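*Asks:* Predicted model and sequence follow; I will ask about them next.
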Amino acid sequence: MEKAYKNLGYFFLLLIPLTFLGFYKTYFIQFPSFEENITSFIHLHAIIASIWILLLIVQPLLILSRNNKLHRKIGKLSYIVFPILILSFVPQMIRIINSDAPQFLFFPLADSVLLILFYSLAIYHRRKVSKHMRYIIGSATVFLGPTIGRIGPHIFEWSEIVTQNIQYGIIYLILIGLIFYDKRNKNNYRPYLLILTTWIIHLIIFNMIF
C-alpha cells in the first residue's frame, strides 16, 4: 500500500458511527422488537451491508500489518458477499416500484450501479494496487448516501433536497481533495476522475427526477 494511504482503514472506521446515526431512528432503536414494516429482507440487507463495511475496514488494516495472505483470502470472500449485497437491494426496489413514489427507485438503483461499477473495476485492477485501492475508496463513497441521506432529515431535520446536496458536496470535496493530494504526491489520480464523473452524472439524474 502507498505510504500516503497507510491509515485508510482507520478512515473507513468513520462508516460505523455514520451508519449507526443514519439508521438509529428507523432501525437500531427498534431492536429487538422491530415493527412489522422491518421485514426479514431488510434484516438481510442490514447484515450484508454491515459485513461489507467491515471488509472495507479490515482489508487495508491487514495490508498495514503486512498480512497480505489473509488480505487475499478475505478478498476472495467478497466474491460471495458482494453479489448477495447487490441482490439484497432487490426487495427494496420492488417495494418502491409498487409504492406511491416510484421515483425513489433512483436511490437503490443508482447505489447498485455505482457499487457494481467500482467493485468490478477494483477486481479487474486487483494486481495494480494503486488503481484497486482507489476504486475500493470509490465504493466506500456510495455508503455516504444512505447514511448522510438519513442523518440530515432525522438528526438535523433538513429537507431531503438540502440533505442530498450536502451529501454531494461532501463526496465532491473528498474526491477533489484526493485528486489534488495524489497530484501533489505524483500518484495515479485518474481513478478518482472517473469516480467523480459518475457522481456528477448521479447529481444530474437526481435533479432531472426530483
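*Replies:* Received it, and whenever you're ready, just let me know what you need. Residues are numbered from 1 along each chain as shown.
*Asks:* Render the CA-only coordinates of stretch 105-119 in CSV, please.
*Replies:* Listed next in CSV are the C-alpha coordinates belonging to stretch 105-119 (Å, rounded to 0.1, in the frame of the first residue of the first chain):
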residue,chain,number,x,y,z
LEU,A,105,-36.2,3.8,-7.0
PHE,A,106,-33.4,6.1,-8.2
PHE,A,107,-31.6,5.7,-4.9
PRO,A,108,-31.2,1.9,-4.5
LEU,A,109,-30.8,1.5,-8.3
ALA,A,110,-28.1,4.2,-8.5
ASP,A,111,-26.3,2.8,-5.4
SER,A,112,-26.3,-0.7,-7.0
VAL,A,113,-25.0,0.6,-10.3
LEU,A,114,-22.1,2.6,-8.7
LEU,A,115,-21.2,-0.3,-6.4
ILE,A,116,-21.1,-2.8,-9.3
LEU,A,117,-19.0,-0.4,-11.4
PHE,A,118,-16.5,0.4,-8.7
TYR,A,119,-16.2,-3.1,-7.4
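*Asks:* Does residue 62 touch residue 75 like I think?
*Replies:* No: assessed by CB atoms under 8 Å, residue 62 is found out of contact with residue 75, at 9.4 Å. For every residue, glycine as well, the C-beta is placed using N, CA and C.
*Asks:* now the strands for the chain?
*Replies:* When assigned using DSSP state E, the chain turns out to have no strands.
*Asks:* What ranges does it have for its helices?
*Replies:* 8-12, 15-23, 40-64, 68-87, 90-97, 106-124, 129-142, 144-155, 160-184, 190-209 (DSSP state H).
*Asks:* got JSON lines for these, with distance to residue 34 too?
*Replies:* Formatted as JSON lines, those follow (distance: least, CB to CB, whole Å):
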{"stretch": "helix 8-12", "distance to residue 34": "28"}
{"stretch": "helix 15-23", "distance to residue 34": "12"}
{"stretch": "helix 40-64", "distance to residue 34": "8"}
{"stretch": "helix 68-87", "distance to residue 34": "21"}
{"stretch": "helix 90-97", "distance to residue 34": "15"}
{"stretch": "helix 106-124", "distance to residue 34": "20"}
{"stretch": "helix 129-142", "distance to residue 34": "25"}
{"stretch": "helix 144-155", "distance to residue 34": "17"}
{"stretch": "helix 160-184", "distance to residue 34": "24"}
{"stretch": "helix 190-209", "distance to residue 34": "30"}
